[in-house]
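Trainee: Quick one, what's the 3D model for this:
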Amino acid sequence: MIATKILGLSKFFTKSKKIKIAILLLEVAILTYAYNNSKKEEKEKLELEKEKNNKLLEKE
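Mentor: Numbers count the residues shown, from 1 in each chain. Predicted coordinates for the structure are as follows:
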């Protein structure tokens, strides 16, 4: 969905297919980076939860 909007906007600026492909590749790179960061944060959150649970079990 975002890709089609960006391609639509890029039509106004240029008719070059190479530039349109470059814009799409940039968008894919940004989405990949965001996905990897969210997975990393989720993994870190789970690790912290496990550590917290282990500490609680040790106290008992």
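Trainee: Give me the helices and strands touching the helix or strand hosting residue 28, please.
Mentor: If you go by DSSP states H and E, residue 28 is part of helix 17-59. Judged by 3 or more Cβ pairs under 8 Å, 6 or more residues apart in numbering; DSSP states H and E, the packing partners of helix 17-59 are helix 2-13. No exception for glycine: its C-beta is placed from N, CA and C like everyone else's.
Trainee: So what's the model's average confidence on the helix it packs on?
Mentor: The average pLDDT within helix 2-13 is 66.
Trainee: how would you label residue 15: helix, strand or coil?
Mentor: Secondary structure for residue 15, judged by DSSP: H, G, I helix; E, B strand; the rest coil, is coil.
Trainee: neighbours around residue 38, how many?
Mentor: Residues lying near residue 38 (other Cβ atoms under 10 Å) number 10.
Trainee: Same check on residue 43?
Mentor: For residue 43, the count of nearby residues is 10 (other Cβ under 10 Å).
Trainee: same question, the one 5 residues further on
Mentor: For residue 48, the number of neighbouring residues by other Cβ under 10 Å comes to 10.
Trainee: Check the one 10 residues further on too.
Mentor: By the criterion of other Cβ under 10 Å, residue 58 has 7 neighbours.
Trainee: helices and strands of this protein: which one bottoms out on pLDDT?
Mentor: None of the helices or strands of the chain scores lower by mean pLDDT, DSSP states H and E than helix 2-13, at a mean of 66.
Trainee: for the chain, which spans come out with low pLDDT?
Mentor: Residue ranges of the chain with pLDDT under 70: 1-11, 60.
Trainee: Dead centre of it: give me the residue that sits there.
Mentor: By Cα atoms, centre = their mean, the mean C-alpha position of the chain lies nearest to residue 34, the distance being 1.8 Å.
Trainee: any idea how far residue 58 is from that residue?
Mentor: In this view, residue 34 and residue 58 are 37 Å apart by Cβ to Cβ, to the nearest Å.
Trainee: cool, residue 22 as well?
Mentor: With distances taken as Cβ to Cβ, residue 22 is found 54 Å from residue 58.
Trainee: what does residue 46 give?
Mentor: 19 Å.
Trainee: what's the burial count for residue 24?
Mentor: Other residues near residue 24 come to 15 when the count uses other Cβ under 10 Å.
Trainee: I'm done for today, thanks for sticking with me.
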